[in-house]
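> pasting the structure only:
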């Protein structure tokens, strides 16, 4: 989601973060956490999609994405674009080339560690290798390294990637348990791991790296633990401010104009109800072909053109 869809939060938070000692190099907090918390408030105000949770048992009904291949392509594009996002936050190349290179290395390591961790966790939690959890784990690793990428070492980035995937998966299941329907897992991917990225600055930063990134390092804040306290206060400020402003916006709209479409429009889909056409006209046909292909694959193997063996002839009378 856009980081400042509530209008005011991001500019105000970014000003206060930068002026009060919070290190958020490329925006784990002021970009991703703001977007994730805003999305969470929107999901709570809107309510779950019809059929997402069983009204009797409360079990979760799967609503998979239309095309996992396109989702994987989009994830790869995001990963590639993250190098511009993180490395570009040096704001200059002259004199900052080595810093930008370190940022790129840390970004790569964190994302790679996160996808391996998330994929393994999906096998444990879902019983199979889950592509959606794996792709979102990549994004979690990228979000988690966005704040500390300039002030940590590569081995720190490895730990940040692993822990970011764990944080994402935990919050993914917490939201499902709480019956909060977040179709893109924005709150878990961007909100939870964005906050974790802010804390990772205080946990893993070194005074040498902070000085190399040209941040003011008063009283050796990393070594003394002071930086962690500053990061924690920054996290709380972002959480409270964003939840309050986004909550006012979303619940205000729900109380006045309304947030949801009608049940009938939701049933047929907004492509048809709002735009007069089906965005995926061949979706049902594709699903039918996939079901038929799966049925053939699971059918018992038989020899082609085989005929049943003839019954043995009865014994001749004596």
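Sure, I can see it. All figures in this text were calculated on a predicted structure; none of them were measured in a lab.
> the residue most central in space within the chain: what's it in contact with?
Central residue of the chain (Cα atoms, centre = their mean): residue 189, 3.0 Å from the mean position. By Cβ atoms under 8 Å, 6 or more residues apart in numbering, residue 189 lies in contact with 36, 136, 139-140, 143, 168. C-beta here means a position set from N, CA and C on the backbone, and glycine is covered the same way.
> pull up the distance across stretch 84-103, start to finish.
10 Å (Cα to Cα, to the nearest Å).
> can you give the distance of that stretch from its chain's centre?
The chain centroid and the centroid of stretch 84-103 are separated by 25 Å, computed with Cα atoms, centre = their mean, to the nearest Å.
> and stretch 30-39, by the same measure?
Distance, centroid of stretch 30-39 to centroid of chain: 12 Å (Cα atoms, centre = their mean).
> so the residue nearest to the centre of the chain lies in a helix, does it not?
Yes: applying DSSP: H, G, I helix; E, B strand; the rest coil, one finds residue 189 inside a helix.
> quick one on the thing from earlier: between the contacts of residue 189, which is nearest residue 65?
Nearest to residue 65 among the contacts of residue 189, counting by Cβ to Cβ, is residue 136 at 11.2 Å.
> what comes up buried for the helix or strand harbouring the closest one?
Applying DSSP states H and E as the criterion places residue 136 in helix 131-146. For helix 131-146, a neighbour-count test (16 or more other Cβ atoms under 10 Å) marks 131-146 as buried.
> what do you get for stretch 93-105?
For stretch 93-105, by 16+ other Cβ under 10 Å, it's 96, 99-100, 102-103.
> now do stretch 211-221
Neighbour-count burial for stretch 211-221 [16+ other Cβ under 10 Å]: 213, 215, 217, 221.
> secondary structure, distance to residue 184 and pLDDT added to those, as a markdown table?
What follows is the buried residues of stretch 211-221, written out as a markdown table (DSSP: H, G, I helix; E, B strand; the rest coil; distance: Cβ to Cβ, whole Å; pLDDT from 0 to 100):
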| residue | secondary structure | distance to residue 184 | pLDDT |
| --- | --- | --- | --- |
| 213 | coil | 32 | 88 |
| 215 | coil | 33 | 85 |
| 217 | coil | 37 | 73 |
| 221 | helix | 36 | 88 |
